[in-house]
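**Q** how would this look folded up:
(4 chains)
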There are 2 protein chains.
Amino acid sequence: MGGVNRADDRTGGVGGMRGTGGGANLLALRSHNTALVLDLLRTAGADGISRLELAERTGLTPQAVSKITARLRADGLAAQAGRRASTGGKPRTVLRLVPEAGHAVGVHLDRDEVRVVLVDLRGAVVGERRAALDLGAGAEAVLGAVREAVAAVREAVAAVPPAGFDRALLGAGVALPGPLDHARGVLHRVTGFPEWDGFPLREALAERLGVPVVVDKDTNAAALGLAAGGEGGSFAYLHLGTGLGAGLVIGGSVHRGARTGAEEFGHQVIQLDGPPCTCGDRGCVEALCLGAVARGDVEEAARVLGTGAANLVGLLDIDVVLLGGRTVAAAPDAFVHGVAAVLEERARRTGQDAVPVRVAAGGGRAVAVGAAQLVLGPVFGRGDG
Amino acid sequence: MGGVNRADDRTGGVGGMRGTGGGANLLALRSHNTALVLDLLRTAGADGISRLELAERTGLTPQAVSKITARLRADGLAAQAGRRASTGGKPRTVLRLVPEAGHAVGVHLDRDEVRVVLVDLRGAVVGERRAALDLGAGAEAVLGAVREAVAAVREAVAAVPPAGFDRALLGAGVALPGPLDHARGVLHRVTGFPEWDGFPLREALAERLGVPVVVDKDTNAAALGLAAGGEGGSFAYLHLGTGLGAGLVIGGSVHRGARTGAEEFGHQVIQLDGPPCTCGDRGCVEALCLGAVARGDVEEAARVLGTGAANLVGLLDIDVVLLGGRTVAAAPDAFVHGVAAVLEERARRTGQDAVPVRVAAGGGRAVAVGAAQLVLGPVFGRGDG
DNA sequence: ACCACTTTCGCAACGCTGTTGCCAAAGTGC
DNA sequence: GCACTTTGGCAACAGCGTTGCGAAAGTGGT
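**A** Residues are numbered from 1 along each chain as shown, chains lettered A, B, ... in the order given. Just a heads-up that it's a prediction; the model follows:
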C-alpha cells in the first residue's frame, strides 16, 4: 500500500456537486463511503464480496473498509457469508447485503389502475397488489386507493415468515404519466387529467402513508429500474404504448431536465413538414410511428422508431437501446430487429460497433419496481436516481 | 447556527461519484471544499465575497471557511480586498481571487491555423498568438508549431510588468476538430486528416510542453468556455461552419459520451429519406442546413437548424441555445431569429416559456479560451469540465 | 465621550474520519 | 511441524470540520 495516499491518484476525487451549496463535512464523507460499500454489496448479490475486494473497488484502505463494514454489520445491513478459498494465506471472509434489513414500496399510478410492489434492499419484489382505479376520480379517491393498496401489501408481507426481521420501510416511490416537478413532488399537466395540475402529490401522500415519498414520471422510473437491475452505463428506454416516451440514463443516473419538459422523445421531429401530430407540430416520431402501427405497417414503425433512436445514440453516445410498452410487446421481434437495423446501418457508416437493441426486462411491473428504486437509489449513493 | 449539523439538512451530500471507485478520504474532502470556495471566489470576480457569504453558499461553518481561506491566502491564491459596510457590527472583510497566481494555456488546433491563448485564473486572456498551420503536415511539424506558439506566448507575457508575480503554469488544454478519446487523449478520425488516427496527442504534447495536457473536441471546448464565462445551467452550443457540430452542457458540465461519437448533432436525421449527406445517411440536419446555405436560402437554413435545436430542447430540457461559427457570423440576426421562431412556436404549443437563442460570445477565440478551461475547470471543482 | 450591543473572525479543544503500524488468526507448502 | 503468506482487528495518529469562547471592530443610545 505504501505511504502514498491512495486516493490521490484518482481522477474523480469527491467530484460531482454542481450548483449552489455542496460543502461536505465528515458526516457527508462517511455516508458517501458507506453508500459506496453498500452499493458494491448489492451489486455482488448472493455471491458476496470480500473486504479486500471492497477496498480495491472503492480505493479506500482495507482498514477503512473493515470499520465501515463493522458498522453495517452492527446495524444489521450486512452479514458474513462464508469464506473464499485461500490463496496461500488466511482466506477472505465474504460479506453480503442483508436484503430484509430494509424495504421500499413502489407505486405505479396509471390511468386505469394502481400497482403497488414491496421490494427489499436488493430490489427484489416480496409483495405485490393491483387494483383498478380511475385516475380521474378525484384526489381523495385516488389517494385513498393508494393508501389502501400500500397497507394491504405491507400487511400481507408482515404476515408471512420469516418473522422477526426488521421490516423497516424506507419510503415510497410513485411513478405516473405526464411531466411533473420531481424535486418538489408537484404534478403538471397529467395527460388527459387536467384536474391534477399543480397537485402536491408528494406532500399529500407522505402524510397519508407516514413515510417519505418520491414522485417521478413513469418512463423515468422504468429507466431507473432497468439501471438498478444491472443495466449499466448510458442507455435509453423507449416506451411505445398509447404514446411514445423515453427515459434516459446517462452515466448511471436518470436524466431529468430542470423544467418538466424533459425527454419529449416522441415529439422529436424527424420528418420536416410531415404529417400533423397531436402536439400541433408536424413529423414527430410519435405521429409517424403510431401512424404506421395504425396502418398495420410494423416494419415502417420500427424504422421510424429506429431513426429517432439513432438520433439519440449519435447525440448522447448511448450504449444500449431498450424497448418497452404494449405496442412493442405485441410484436417484440419486429421492433427489435427494425430498430437494430437502422442502428446497424448507422454503425456501418461510422465504423463503430452497433448499439445493441433489446426488449426491456421487467414486463408490466417494471414501472412499479423502478418507482421503488426512487427510494432505494439514495441508500446506495445513486443521488436521486 | 445552533448545535445541529448543518450539512445534514442538505439534499446533496457529497453526491456524484458514478462508476467504479470513488472512495473519498480526508484529502479528497479537503480539496473538494477548497475547490468549492475557489469557485465562489472566481464567480464573485473583482467584487469579492465575504467569509460568511462563502459559508452560507457552501453550507460549511464560518470557521471552516476561515481555515480554508487562510490556506488559500497563505498559498497566494486569495487576498483580502477591502471590507463591506457594517450592518451594526464588525464589517465583513471581502476576499477575492488573485488571478495571476496561476495560468493555463488554451490551444485551438484548427485545419489551417493554430491559436494559442494564455489565461489567468479568472479565465481572462493575458496573451495570444496565431500562426498559420497545415494540420496535414505531419505530427512533427504540427507539434513543433504548437510548442513554438506556446513558448512565444509565455515569453511575451513573462516580459511585461507587473513582474514578480507567480506565473505558475497549471497546464495546457488543446481543442481540435473531430471525435477523440478525451479521457486518454488519443485522436480518432480527425475529419479530413486520417493520418492522425489513433495519435496519442496528450502524451506527445505533454512531453514537449513539460506541463499536463488535456485534449477535447473543439465544440466541447467552446461550450466549456461559455459555461465558465457565466452561461449557467444546461445549454447547447451549435457551431455552424464548414460542418455542423454541437457542444452540450448539462447541469453545468460538458456532456461527453463514453465513446467518441457523442454530439453528432449535425447528423441527426430530421427528414426521413431526405437528401443524401456526406455521412452516407439521408436527411441529416447538416446536409439540409448547409444545402440551404449553399442555395442562399438562409431563412430555410435557420428553420432547419431550429428544428434540430427544438429536438434537443425537448429531449434534454435545455435552457439556452447559443449559435456560433463562420456561417452564423455571416448572418447572425437571420439565424438567431429563424431558430428562435421555431422554438417560440414549440413553446406556444406546450405552454411553456420559449428557450432563448443568442449568438455565442467569444468570437474567433472562443475555442482557445474554452480549451484553457479544460485545465482551469478541475481547479474550481468542475470535474473535467 | 462613554458604554452597551452587534457582528465578524481567529484560537483552542473536540469528535470523528480514514490511515498507519503492529500483531493475532488462519490458511498453504516444504 | 515449521516457515511463509494473507487476512483483518486493535491502537495510535494526523487531519478534517465543528464547537466554545474571546478579541477585534464597528454602530447607536445616553
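**Q** Flag every buried residue along the longest helix along chain A.
**A** Selection of the longest helix in chain A by residue count, based on DSSP state H, yields helix A:139-159. Of the residues in helix A:139-159, A:142-143, A:145-146, A:149-150, A:153-154, A:157 count as buried by neighbour count, 16 or more other C-beta atoms under 10 Å in any protein chain shown. To be clear about C-beta, it is placed using only N, CA and C from the backbone, and glycine gets the same treatment.
**Q** Break down the stretch 201-350 of chain A into its helices, ranges please.
**A** A:201-209, A:218-228, A:285-294, A:298-316, A:326-330, A:332-350 (DSSP state H, counting those that start in this stretch).
**Q** most neighbours per residue, which of the ones you listed?
**A** Mean neighbours per residue, mean count of other C-beta atoms under 10 Å in any protein chain shown, is largest over the helices of the stretch 201-350 of chain A for helix A:218-228, with a mean of 28.
**Q** mind listing what A:A292 touches?
**A** Neighbour list for A:A292: A:298, A:300-301, A:304 [criterion: C-beta atoms under 8 Å, 6 or more residues apart in numbering or on different chains].
**Q** Following the chain onward from the longest helix of chain A, which element is next?
**A** Per DSSP states H and E, the first helix or strand lying C-terminal to helix A:139-159 is strand A:169-176.
**Q** Now do the same contact list for the residue nearest to A:G123 when sequence neighbours are not counted.
**A** The shortest distance from A:G123 to any non-neighbouring residue, by C-beta to C-beta, 6 or more residues apart in numbering or on different chains, is to A:A228 (5.5 Å). Counting by C-beta under 8 Å, 6+ apart, A:A228 touches A:123, A:370, A:373, A:376-377, A:382.
**Q** Just the local confidence number for A:A228, please.
**A** pLDDT for A:A228: 88.
**Q** Grab the most central residue of chain A for me.
**A** A:L224 (1.1 Å; C-alpha atoms, centre = their mean).
**Q** Distance-wise, check A:A361 relative to A:G198.
**A** Distance, A:A361 to A:G198, using C-beta to C-beta, to the nearest Å: 35 Å.
**Q** Show me which of these two is the more surrounded one.
**A** Each of A:A361 and A:G198 has its neighbours counted (other C-beta atoms under 10 Å in any protein chain shown); A:A361 has more, 14 against 10.
**Q** Walk me through the regions of chain A where pLDDT falls short of the threshold, as ranges.
**A** By pLDDT under 70, the low-scoring segments of chain A are A:1-21, A:159-167, A:258-263, A:383-385.
**Q** that older thread, now, among the contacts of A:A292, which is nearest to DNA strand D?
**A** Among those, A:V304 lies closest to DNA strand D (C-beta to the nearest atom of the strand), at 53.1 Å.
**Q** my guess is the closest one meets A:E286, correct?
**A** No. Counting by C-beta atoms under 8 Å, A:E286 is not a contact partner of A:V304; they are 9.4 Å apart.
**Q** May I ask which of the contacts of A:A228 has the most neighbours?
**A** Greatest neighbour count in the contacts of A:A228, by other C-beta under 10 Å, goes to A:G370: 34 neighbours.
**Q** dump the residue contacts of it.
**A** Contacts of A:G370 by C-beta under 8 Å, 6+ apart are A:106, A:173, A:175, A:220-226, A:228, A:362.
**Q** What distance do you get for the nearest residue to it once chain neighbours are set aside to B:V304?
**A** By the measure of C-beta to C-beta, 6+ apart, the closest residue to A:G370 outside its immediate chain neighbours is A:G225, 2.7 Å from it. As for A:G225, its distance to B:V304 is 37 Å (criterion: C-beta to C-beta).
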